[in-house]
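Engineer: fold the following.
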Amino acid sequence: MGAADFWGFIYVVSRLAIVAAVVYFLYLLRKILVKRGFFMQKIRRMKPCETTWTSGQQGR
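Structural biologist: Predicted coordinates for the structure are as follows:
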């Protein structure tokens with residue numbers, strides 16, 4: 001029974017590592033996309049004055 005418990009533990013740890021890697025990859029991907037401006041509408045809603053490409057169109 002000891003060997004089965006050991007391999008079960010290894011299986012669970014490997015699954016957790018895969019899930020953690022996927023979550024971290026999605027976090028990095030979102031960070032890169034925000035830096036490139038794919039989520040500009042979210043940023044524009046939070047900070048309307050700091051975006052340079054919309055401040056000229058508002059006419060304030």
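Engineer: drop to CA atoms for contacts and neighbour counts, all remaining ones
Structural biologist: Noted.
Engineer: now do Arg30: how many residues are near it, please.
Structural biologist: By the measure other Cα atoms under 10 Å, the count of residues near Arg30 is 14.
Engineer: ok, now how distant is it from Ala21?
Structural biologist: 14 Å (Cα to Cα, to the nearest Å).
Engineer: what do you get for Phe38?
Structural biologist: 23 Å.
Engineer: what of Gly8?
Structural biologist: 20 Å.
Engineer: what does Tyr27 give?
Structural biologist: Separation of Tyr27 from Ala21 (Cα to Cα): 10 Å.
Engineer: just Phe6 next, same as before
Structural biologist: In this view, Phe6 and Ala21 are 22 Å apart by Cα to Cα.
Engineer: what do you get for Gly37?
Structural biologist: 24 Å.
Engineer: what ranges do the helices span in the protein?
Structural biologist: 2-36, 40-46, 52-58 (DSSP state H).
Engineer: okay, those helices in JSON lines with mean pLDDT next?
Structural biologist: Converted to JSON lines, those look like this (pLDDT from 0 to 100):
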{"stretch": "helix 2-36", "mean pLDDT": "93"}
{"stretch": "helix 40-46", "mean pLDDT": "55"}
{"stretch": "helix 52-58", "mean pLDDT": "53"}
